[in-house]
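> sequence and computational prediction follow.
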Amino acid sequence: MHQTKYEKTQLQRIWVTAWMVTAVFILSNLPTPLYVYWQKEMDFSNGTLTLVFSAYIAGLLVTLLVAGQLSDRFGRKSVLYPGLTAALLACILFATASSVVALVVARFLSGIAVGVIVSAGMASVMDVGGSERKPLASLAASVTMVLGAGLGPLLAGVLAEVMTRPVVPIFTVELVILAIAYLVVGKLPKRRIDSPQQGRWRLRMPSVPSANRLHLAFGIAVFAPGITATSFVLSLGPSLLSKLLNVTSPLVAGGTACVMFLAATGVQFMLKKLPVRTIFLIGATSTILSMLSMAGAVNASVALLLVIAAVLAGVGQGLGQLGGLTLIGLHVPEHRRAETNAILNIGGYIPAATLPVCAGYVIDYTGLAFGATTFTAVLSLIAGVAAIFVHTQLQMDNFKSIPTK
């Protein structure tokens, strides 16, 4: 179908706005291939490394409690600018870090930036899409998030492989990327705030309109096990690669993470025309198959199964995220959209933070095979329950396929 100049301009605005989501999510996983380098330079333990990782989740969850509400109340720009500033400060701290404290603070600031972008940033993309292009805007927000999550470790892995002192160049590149995101935020339209909201507004625990609770429940049910699977691959993937292939290269670790998130990106384009219910069911099934492959990789020491597990985990996260954001974009009112996005991510990131950490401690006490197998069994069960929930409660007639134009 021939597109008018106006339609092309609107589509460009959606993807340009979504760029800021990619810019911040590049930062989210950028440090992953560098932890081995920092451990060697600063001489800290794996336990300390867990503390650094937890700082990111802490910053993210704290921000998600307030960023969506503030964005819905005061406008997207008033929240996005501080979020991007937190990302810039994190970059500077990473680039100049000479202590564990600096890494912890940098990861905490990274978590704040990501918390802002998954609530106010994604809501901005949907705002730009308008009422006519909500599904396409949801798709753009979702794929640019996982694309950034994949490009970050790939960029760091490549530069770390070819440079002897890669930290400053890596985060200098990210600073330039974030500067472009600032320009994107500056072009966002002002969002109208209804006067009745202004008098009654107060900061509170995030909530979702009662009419949309089931929409949110479907999204969390499939997105949470998917992102937990990718978190497990991110946190323990380098250790598994070392055990199965005796490979410690930052490029291989970063490349594996990149392939996982590229799978999450590509599958959303491939399956965007399917009904939301089908997207959810394929996503939950992919997470289960990912965990079965992971168990096989660990117990049989087959590296190919580890790669397959990473790809399927990416598919599970990508489709859970796409379905969840689509239902929010289609059904949640604009003035509650950022808050609802925040709750979707809170529901996903809490198990993504806690279950892999618990698995790590189980592995420390019982060994890699038993600990990893237990984790895969638990997550497969959760994904199976999610699939049953979607299959029995999400009716095909109520949620048809996602229009893309």
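Yes, it's here. Numbers count the residues shown, from 1 in each chain.

> okay, CA-based contacts and neighbour counts for the rest of this
Will do.

> how far off centre is the helix or strand where Leu70 lies?
For Leu70, the element it lies in under DSSP states H and E is helix 46-74. The chain centroid and the centroid of helix 46-74 are separated by 13 Å under CA atoms, centre = their mean, to the nearest Å.

> mind listing what's buried in it?
Under the neighbour-count criterion of 16 or more other CA atoms under 10 Å, helix 46-74 has 49, 52-61, 63-73 buried.

> elements contacting the longest helix along the chain?
Longest helix of the chain, by residue count under DSSP state H: helix 213-245. For helix 213-245, the packing partners by 3 or more CA pairs under 8 Å, 6 or more residues apart in numbering; DSSP states H and E come out as helix 250-271, helix 276-300, helix 303-331, helix 337-366, helix 368-393.

> and Leu159, which of those is closest to it?
For the helices and strands packed on helix 213-245, proximity to Leu159 was assessed by CA to CA; helix 250-271 is nearest, at 8.3 Å.

> show me what the closest one packs onto, helices and strands only.
Helix 250-271 sits against helix 134-162, helix 213-245, helix 303-331, with contacts defined as 3+ CA pairs under 8 Å, 6+ apart.

> most tightly packed of the ones you listed?
Of all the helices and strands packed on helix 250-271, helix 303-331 carries the top mean neighbour count, a mean of 27, counting by mean count of other CA atoms under 10 Å.

> so which elements touch that helix?
The contact analysis (3+ CA pairs under 8 Å, 6+ apart) places helix 303-331 against helix 134-162, helix 213-245, helix 250-271, helix 276-300, helix 337-366.

> got the ones you listed as a markdown table, with distance to Val176 and mean pLDDT columns?
Converted to a markdown table, the helices and strands packed on helix 303-331 look like this (distance: least, CA to CA, whole Å; pLDDT from 0 to 100):
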| stretch | distance to Val176 | mean pLDDT |
| --- | --- | --- |
| helix 134-162 | 14 | 84 |
| helix 213-245 | 25 | 83 |
| helix 250-271 | 21 | 82 |
| helix 276-300 | 34 | 93 |
| helix 337-366 | 27 | 82 |
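
> present those helices as JSON lines; the columns should include distance to Ser380.
What follows is these, written out as JSON lines (distance: least, CA to CA, whole Å):
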{"stretch": "helix 134-162", "distance to Ser380": "22"}
{"stretch": "helix 213-245", "distance to Ser380": "8"}
{"stretch": "helix 250-271", "distance to Ser380": "18"}
{"stretch": "helix 276-300", "distance to Ser380": "5"}
{"stretch": "helix 337-366", "distance to Ser380": "13"}
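
> nearest to Ile112, out of those?
Nearest to Ile112 among the helices and strands packed on helix 303-331 is helix 337-366 (12.2 Å), distances taken as CA to CA.

> ok and that closest one relative to helix 46-74, angle-wise?
170 degrees (axes from the mean of the first three to the mean of the last three CA atoms, to 10 degrees).

> tally of neighbours for Pro82?
14 (other CA atoms under 10 Å).

> next up, the contacts around His331.
212, 215 (CA atoms under 8 Å, 6 or more residues apart in numbering).

> and it, what pLDDT?
We have a pLDDT of 85 for His331.

> likewise Pro196?
Pro196 is given a pLDDT of 54.

> kindly report the domain assignment for this structure.
Per the TED database, the structural domains of the chain span 7-188, 210-399.
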